[in-house]
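Undergrad: with the sequence up front, the predicted model follows.
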Amino acid sequence: MNALLQSMAKNPATANHVVGCLYRMGPLAAPALPLLREQLALPRRGGRFQSIDHDEELQRVGRTLIARLATPDEFATPVAGSLI
């Protein structure tokens, strides 16, 4: 997982691929929640080709993943700037 997160940090164009991999990892991706929230809070994300379609896909998959992984306690106190 560290390699995925480092990849996204070093090259934002990989964000869609990384989020897709995290989605397929299921509960094992829980340590990535802070990074996912951080990415969704950005006014602009890298993603593939920086297109609107790919950004919307990144947001959709990211929100779905956060909803799947977050505990009920995390929803009670959302992170400042979080879009969930």
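TA: Looks like it came in fine. Just so we're clear, the structure is a prediction, and the values are computed from it rather than from any experiment.

Undergrad: can you tell me the SS state at the closest residue to Gly20 other than its chain neighbours?
TA: Ranked by C-beta to C-beta, 6 or more residues apart in numbering and with sequence neighbours excluded, the top spatial neighbour of Gly20 is Val61, at 6.5 Å. For every residue, glycine as well, the C-beta is placed using N, CA and C. Under DSSP: H, G, I helix; E, B strand; the rest coil, the three-state class of Val61 is helix.

Undergrad: how about Val61, what does it touch?
TA: Val61 sits next to 16, 19-20, 23 when contact means C-beta atoms under 8 Å, 6 or more residues apart in numbering.

Undergrad: burial measure for Leu36, as a count.
TA: Residues contacting Leu36 under the criterion other C-beta atoms under 10 Å number 26.

Undergrad: quick check: it vs Leu69, distance?
TA: 8 Å (C-beta to C-beta, to the nearest Å).

Undergrad: how many residues are close by the residue nearest to Gln39 when sequence neighbours are not counted?
TA: Using C-beta to C-beta, 6+ apart and skipping residues adjacent in sequence, the residue nearest Gln39 is Arg45, 5.8 Å away. For Arg45, the tally of surrounding residues (other C-beta under 10 Å) stands at 19.

Undergrad: what sits against Arg45?
TA: Arg45 makes contacts with 12, 15, 39, 55, 58-59, as judged by C-beta under 8 Å, 6+ apart.

Undergrad: ok, now Leu36?
TA: With contacts defined as C-beta under 8 Å, 6+ apart, Leu36 is in contact with 19, 22, 62, 65-66.

Undergrad: ok, it to Asn16 distance?
TA: 13 Å.
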